[in-house]
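Q: Provided below are the primary sequence and the corresponding predicted coordinates.
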Amino acid sequence: MRFGFHTGYWSAGPPAGAAGAVRAADELGLDSVWTAESYGSDAFTPLAWWGSQTNRVRLGTGIAQLAARTPTATAMAALTLDHLSGGRFILGLGASGPQVVEGWYGQPYPRPLERTREYVDIVRQVLAREAPVTFSGRHFTLPHDGGTRLGKALRSTVHPVRSDLPIHLAAQGPKNTALAAEIADGWLPAFVSPALDAEYRENLETGFARRDAARSPRGEFEVSAAVPAVIGDDLETAADQVRPHLALYIGGMGSESTNFHREAIARAGYRDVCDEVTAKYLAGDKAGAAAAIPTDLVTDVALVGTPSDITTQLARWEASCVTTLILQTDPRMLPSLVQALH
């Protein structure tokens, strides 16, 4: 089992202690550091800024949103960061949801799996640098079919450090999990429960069965799960720090009808809980929504409690398909958490 550190989303500004935690992740021997974006800070800039102070830890976007950049712009950023980091970059991509894609980026959301497939194809063409990039799909056309009619197929001026730079896909539903196994080098799930490991493996197998032989071997495929982690004096005290986080993602992320985070947790056997949390959250009762999160749900998707509690909980993850636990924790807590995990 490998471990990573997730810097999380920014709120009004950079998260306190994040820069120091990224340096600590490098010094403590963690596998990777990840950044996020939604509709505030972007994923690439903090990774480059904080990552410049590291030497060995891998640097991943977790996740860069497809709608935020054209496929070629994303490939350019990936090429650049891989050079600057000496080949340590991981391109984590995700479709996000309709509220952000249509509300923030002003783009249509339907057919996200098809759009993801086309997007990754173009990024891989840029990274391979075997020929000028061309593409004709439902969502992307290169060169552009219209305008001045002067567009021409181009090849990146930059030679890649790695033409096989790893691309990981964020996914929570069965179909997009299978897509990750089919076309990507890794899966970035959130709100994973080891109790559903058999289901996750089945979804991945569906994708592996369609995987191109030219892709990286399935034995090298990574599953890097973002997991809230809190050390406390006792399990309940630590769980209380995770409950508001879960309530936000269940009740406040997405709309009442479309929330992929809520669906992932509901599939783990908590549909009634999700309905109650959503109703309270949308009614403005955020404290009540957090209080409605049972401890069993917290321990299903998070690492919480005393060092002994966390060691016991870790065994379930080690037996799962997860290869890396990306710790979502207070940056100041990272060293003690890593000590407990080892």
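A: Thanks, I have it. Source: prediction; values computed, not measured.
Q: now do the strands in the stretch 201-342 of the chain.
A: 222-231, 303-305, 324-328 (DSSP state E, counting those that start in this stretch).
Q: how about low-confidence regions in the stretch 201-342 of the chain?
A: Counting by pLDDT under 70, the ranges of the stretch 201-342 of the chain that qualify are 255-256.
Q: just put the strands of the stretch 201-342 of the chain in CSV and tack on distance to Ala16 and mean neighbour count.
A: All C-beta spots, glycine's among them, are computed from the backbone N, C-alpha and C. Converted to CSV, the strands of the stretch 201-342 of the chain look like this (distance: least, C-beta to C-beta, whole Å; neighbours: other C-beta atoms under 10 Å):
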stretch, distance to Ala16, mean neighbour count
strand 222-231, 16, 24
strand 303-305, 21, 26
strand 324-328, 15, 24
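Q: Met1: which of those strands is closest?
A: strand 324-328 (6.5 Å; C-beta to C-beta).
Q: how far does that closest one sit from its chain's centre?
A: Taking C-alpha atoms, centre = their mean, to the nearest Å, one finds the center of strand 324-328 at 10 Å from the center of the full chain.
Q: tell me which stretches of the stretch 1-150 of the chain form helices.
A: 18-27, 44-51, 71-84, 98-103, 112-128 (DSSP state H, counting those that start in this stretch).
Q: of those helices, which is nearest Ser216?
A: helix 112-128 (11.6 Å).
Q: residues in contact with the closest one: which ones?
A: Applying C-beta atoms under 8 Å, 6 or more residues apart in numbering, the external contacts of helix 112-128 come out as 66, 71-72, 74-76, 78-79, 91, 93, 95, 131, 133-135, 137-140, 142, 156, 160, 162-165, 167, 169, 175-176, 179, 183-184.
Q: mind checking which of the residues you listed are buried?
A: 66, 71-72, 74-76, 78-79, 91, 93, 95, 133, 135, 139-140, 142, 156, 160, 165, 167, 169, 176, 179, 183-184 (16 or more other C-beta atoms under 10 Å).
Q: find the centremost residue of this structure, please.
A: In the chain, the residue lying closest to the centroid (C-alpha atoms, centre = their mean) is Gly62, at 3.7 Å.
Q: which one is that residue nearest to, not counting chain neighbours?
A: Trp34 (3.5 Å; C-beta to C-beta, 6 or more residues apart in numbering).
Q: over to Val22?
A: Trp50 (4.2 Å).
Q: residues contacting that neighbour?
A: 7, 18-19, 22-23, 33.
Q: so which of those wins on neighbours?
A: Val33 (29 neighbours; other C-beta atoms under 10 Å).
Q: and that one, how far is that from Asp330?
A: 15 Å (C-beta to C-beta, to the nearest Å).
Q: equivalent analysis for Phe208, please.
A: 37 Å.
Q: please apply the same query to Met1.
A: For Met1 relative to Asp330 (C-beta to C-beta), the value is 21 Å.
Q: more neighbours: which of those two?
A: Asp330 (16 against 13).
Q: got the contact list for that one?
A: 17, 230.
Q: how close does it sit to Ala16?
A: Distance from Asp330 to Ala16, by C-beta to C-beta: 9 Å.
Q: need the contact partners of stretch 238-246.
A: Outside stretch 238-246, the residues touching it (C-beta under 8 Å, 6+ apart) are 228, 230-232, 265, 277, 286, 290-291, 293, 295, 297-299, 301-302, 304-306, 309, 328.
Q: of those, which belong to helices?
A: Counting by DSSP state H, the part of those found in helices is 265, 277, 286, 290-291, 295, 297-299, 301, 309.
Q: farthest pair in those?
A: Top of the distance list for these (C-beta to C-beta): Lys286 and Asp309, 26.2 Å.
Q: who's more crowded, those two?
A: A direct count of neighbours by other C-beta under 10 Å for Lys286 and Asp309 places Asp309 higher, at 19 against 16.
Q: so what's Gln53 up against?
A: By C-beta under 8 Å, 6+ apart, the neighbours of Gln53 are 19, 22-23, 26.
Q: how does it look with 10 Å?
A: The contact partners of Gln53, by C-beta atoms under 10 Å, 6 or more residues apart in numbering, come to 19-20, 22-23, 26.
Q: again with Gln65
A: 36-39, 42-43, 74, 93-97, 100-101, 104-105, 170.
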